[in-house]
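[1] just coords:
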């Protein structure tokens, strides 16, 4: 088919869609309309792991085709109408949006958005034995959808109101890091948790919102209410001791939730005069959640609980028949002031109060296995908890504009909170106590921020920011029926075993932007962060859990070399280490990597452009500790090169073609996620 005949097909398709959209809204005969229609298709020639490719590039290996963009805007003297659409079935990518507005009166907005996120279901790999497990299709994906319908008025001098309905869903399957254990490798490499597991997701949330408010030159106020209803039915499936005849079994965990939430909030703001503005707001929330769930071992996924199973193993703890309820109440109020005592100084104080209370209770049949092949014992457990919390946060920010080319700011936040938590658990029918705890806790936080921006001259700017955070949490047991001793029958001691938990962090950011000459822009950024985490336990004293050190250097450049040629590039170098206490089962968590991109475009002619994009990602943190653990930290290199050709066939028709090559080498998983891919893409676009 020639380009002229294909362009004719595009025009006829666009005309059909435009007529359909106009008829759908009952368009009058005389209108001004314009829009865009674009068809796109793509595919991949892949050598290697398909799930890893789809996760990295967010597209289906087998290809896709459909309408990438359709838009129609229709104007007349009475209203404005706009419709947008996208439908790419192969990638599960859809979008339909509608906007209708009658100036000064009403408006209507609606959108449906659905897209697919790909996941890789592979588990770990034990390199000394070259051992890995796979028992399900590892091409996993979760479809997410978002729909809303909103109606409101546009009256300037009267009450403004808005009604909105939202519906969000998640459906599909993704990988889970709760891997199953295996003794298949034998000594000294057993047990090892490397068998993949899968999480099935089924979630729906509906939200209804109503809002009313008014704005004048001196003040504005707003009151809104929101009702939210959600349903969750998720299932996690893990396989333990796969291919071991006496111990191969599945563990299925179900999580069911149905939630009803009601909240209301309001705000008021008033301009007292040009240098003084005050505002206040409040929020009330009530959430009621019903819980169901189970954790059952069986010979297959989703098995019913059976006490006697030949593959039962010691420690196979679970439960079934869980039912529960949780109720949450939250109250929040804040007040803010913006005051400018002089033209160069602005002071912004604020205060916030929050009260939170949560009551929950549940009962379930608890199961336990005392030894290999033994029948599971069951007992009925009932538990309840109550958590109440009050917190006050003060905030003070000062901005200083002493010179026209300097901007200075400083900010401090302080919060103080106290709470109480009660936990009780009993055995039925005799109501024998298992857990009986009552604890007070106190949390104190501080945060200090300082910033400076220096506008040296047009095209040259420097900036710096400092941020310090401190969080202290103290716990005091008022009643605890479980002794904090190393007694085998009394190991469930948290949180009363914890006396103190502290987190301190500070970070500095330096940045510069520079245009040394017309057409050339440079940006530089350096960030440094330090953090420490420590805890104090009853009878153990203080323990330093870890120290985080992070350095990030980034550089960007954009150069318009000639009217026909531009180049851009960016590089990001990160050194990130979480140092933990030395132990044979733990190593420092390193996340050091280099990420670089280079791109450019060249106008081959008046109607033809050529674009080039190169990417490089390298992480070299792989730690091989096979005698004690699985491989830890990332060892990966991902590279790609794409070339795009764009030709404007006419003022209304544009063609795009793209070819790319991508290569992934993943050392952490022993090469099982490696791939090499040739990626193809084409698009034809018509403006009408």
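    Cool, the structure landed. All values reported here derive from a predicted model rather than from experimental measurement. Numbers count the residues shown, from 1 in each chain.

[2] Looks like residue 478 contacts residue 436 (just checking).
    No - using Cβ atoms under 8 Å, residue 478 makes no contact with residue 436, being 11.0 Å away. Where you see a C-beta, it was placed from the backbone N, CA and C, and this is true even at glycine.

[3] Between these two, point out the one with more neighbours.
    Comparing residue 478 with residue 436 by neighbour count (other Cβ atoms under 10 Å), the higher total belongs to residue 436, at 14 against 11.

[4] Pull up the pairing partners for whatever helix or strand that one lives in, direction included.
    Element membership for residue 436 (DSSP states H and E) is strand 432-457. In its sheet, strand 432-457 lies beside strand 406-428 (antiparallel), strand 460-480 (antiparallel), with partners assigned from DSSP bridges.

[5] helices and strands of this structure: which one has the lowest mean pLDDT?
    Scoring the helices and strands of the chain by mean pLDDT, DSSP states H and E places helix 3-24 at the bottom, with a mean of 46.

[6] circling back to that earlier point, using CSV, please lay out the strands paired with strand 432-457 together with distance to residue 187 and mean pLDDT.
    Output for the strands paired with strand 432-457, formatted as CSV (distance: least, Cβ to Cβ, whole Å; pLDDT from 0 to 100):
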stretch, distance to residue 187, mean pLDDT
strand 406-428, 39, 93
strand 460-480, 41, 93
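
[7] Give the closest residue to residue 345 in space, chain neighbours not counted.
    residue 400 (5.9 Å; Cβ to Cβ, 6 or more residues apart in numbering).

[8] Run through the residues that contact the one you found.
    The contact partners of residue 400, by Cβ atoms under 8 Å, 6 or more residues apart in numbering, come to 344, 345, 407, 408, 409.

[9] May I have the beta-bridge partners of it?
    Going by DSSP bridges, residue 400 forms beta bridges with residue 345, residue 408.

[10] again, but for residue 640
    Residue 640 has the following beta-bridge partners by DSSP bridges: residue 615, residue 662.

[11] Tell me how many other residues surround it.
    By the criterion of other Cβ under 10 Å, residue 640 has 19 neighbours.

[12] could the strands paired with strand 432-457 be laid out in a markdown table, adding distance to residue 387?
    Below are the strands paired with strand 432-457 laid out as a markdown table (distance: least, Cβ to Cβ, whole Å):
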| stretch | distance to residue 387 |
| --- | --- |
| strand 406-428 | 5 |
| strand 460-480 | 13 |
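
[13] And those: which comes nearest residue 338?
    With Cβ to Cβ as the criterion, residue 338 lies closest to strand 406-428 of the strands paired with strand 432-457, at 13.4 Å.

[14] what comes up buried for that closest one?
    407-409, 411, 413, 415, 417, 419-426 (16 or more other Cβ atoms under 10 Å).

[15] for stretch 455-472, same thing?
    Here stretch 455-472 shows 461, 463, 465, 467, 469, 471 as buried, counting by 16+ other Cβ under 10 Å.

[16] cool, and stretch 609-623?
    Buried residues in stretch 609-623, counted by 16+ other Cβ under 10 Å: 609, 610, 611, 613, 614, 615, 617, 618, 619, 621.

[17] now the residue most central in space within the chain, which residues is it bridged with?
    Geometric centre of the chain, nearest residue: residue 117, 12.2 Å, by Cα atoms, centre = their mean. Beta-bridge pairing of residue 117 under DSSP bridges involves residue 142.

[18] how much space between the residue nearest to residue 617 when sequence neighbours are not counted and residue 469?
    Once flanking residues are discounted, residue 617 sits nearest to residue 638: 4.4 Å by Cβ to Cβ, 6+ apart. Noted for residue 638: a distance of 33 Å to residue 469, by Cβ to Cβ, to the nearest Å.

[19] Please apply the same query to residue 677.
    Distance, residue 677 to residue 469, using Cβ to Cβ: 42 Å.

[20] beta partners of the nearest residue to residue 207 once chain neighbours are set aside?
    Spatial nearest neighbour of residue 207, chain neighbours left out: residue 166 (4.1 Å); criterion: Cβ to Cβ, 6+ apart. Per DSSP bridges, the residues bridged to residue 166 are residue 148, residue 207.

[21] mind listing the helices for this structure?
    Per DSSP state H, the chain carries helices over the ranges 3-24, 50-57.

[22] Any idea how many residues pack against residue 441?
    19.

[23] so it bridges to which residues?
    Beta-bridge partners recorded for residue 441 (DSSP bridges): residue 419, residue 475.

[24] Do you know the pLDDT at it?
    We have a pLDDT of 92 for residue 441.

[25] which residues does it contact?
    Contact analysis of residue 441 by Cβ under 8 Å, 6+ apart lists 418, 419, 420, 421, 473, 474, 475, 476.

[26] Let me know the closest of those residues to residue 448.
    Each of the contacts of residue 441 was scored against residue 448 by Cβ to Cβ, and residue 473 proved nearest at 19.2 Å.

[27] From residue 395, how far out is the closest one?
    To residue 395, residue 473 is 21 Å away according to Cβ to Cβ.

[28] Equivalent analysis for residue 182, please.
    Residue 182 is 52 Å from residue 395, by Cβ to Cβ.

[29] Neighbour count: those two, which is higher?
    More crowded of residue 182 and residue 395, by other Cβ under 10 Å: residue 182, with 26 against 17.

[30] Wait, that one touches residue 195, no?
    Yes - using Cβ under 8 Å, residue 182 is in contact with residue 195, at 5.5 Å.

[31] Can you check which residues contact both of these two?
    Joint contacts of residue 182 and residue 195 (Cβ under 8 Å, 6+ apart) are 133, 240, 242.

[32] By neighbour count, which of these wins?
    Neighbour max across the shared contacts of residue 182 and residue 195 (other Cβ under 10 Å) = residue 240, 23 neighbours.

[33] Identify the residue spatially nearest to that residue, adjacent ones excluded.
    Distances taken as Cβ to Cβ, 6+ apart place residue 180 nearest to residue 240, at 4.4 Å, with adjacent residues excluded.

[34] Residue 102 too?
    residue 79 (4.5 Å).

[35] From what I see, that neighbour and residue 101 are in contact.
    Yes - with contact defined as Cβ under 8 Å, residue 79 reaches residue 101; the gap is 6.3 Å.

[36] neighbours of residue 216, just the number please.
    Residue 216, neighbours per other Cβ under 10 Å, totals 10.

[37] From here on, call the first residue 16.
    Let's use 16 as the start, then, which means that last one is residue 231.

[38] Quick check, pLDDT for it.
    At residue 231, pLDDT is 90.

[39] May I have the phi/psi pair for it?
    Residue 231 adopts backbone torsions of phi -130, psi -180, taken as degrees, to the nearest 10.

[40] Skip the chain neighbours and tell me the closest residue to residue 522.
    Leaving aside its chain neighbours, residue 522 sits nearest to residue 544 (3.8 Å; criterion: Cβ to Cβ, 6+ apart).

[41] The one you found bridge partners, please.
    In this structure, residue 544 bridges to residue 522, residue 565 when assessed by DSSP bridges.

[42] which residues does it contact?
    Going by Cβ under 8 Å, 6+ apart, residue 544 touches 520, 521, 522, 563, 564, 565.

[43] what's the closest non-adjacent residue to the fourth one?
    Closest residue to residue 563 in three dimensions, ignoring its sequence neighbours and counting by Cβ to Cβ, 6+ apart: residue 546, at 4.0 Å.

[44] try the second one
    The spatial neighbour of residue 521 that comes closest, neighbours along the chain excluded (Cβ to Cβ, 6+ apart), is residue 483 at 4.5 Å.

[45] any idea how far residue 671 is from the one you found?
    For residue 483, the distance to residue 671 equals 49 Å [Cβ to Cβ].

[46] again, but for residue 78
    Residue 78 is 16 Å from residue 671, by Cβ to Cβ.

[47] again, but for residue 236
    Look at residue 236 and residue 671: by Cβ to Cβ, they are 50 Å apart.

[48] Repeat that for residue 56.
    From residue 56 across to residue 671, the span is 11 Å (Cβ to Cβ).
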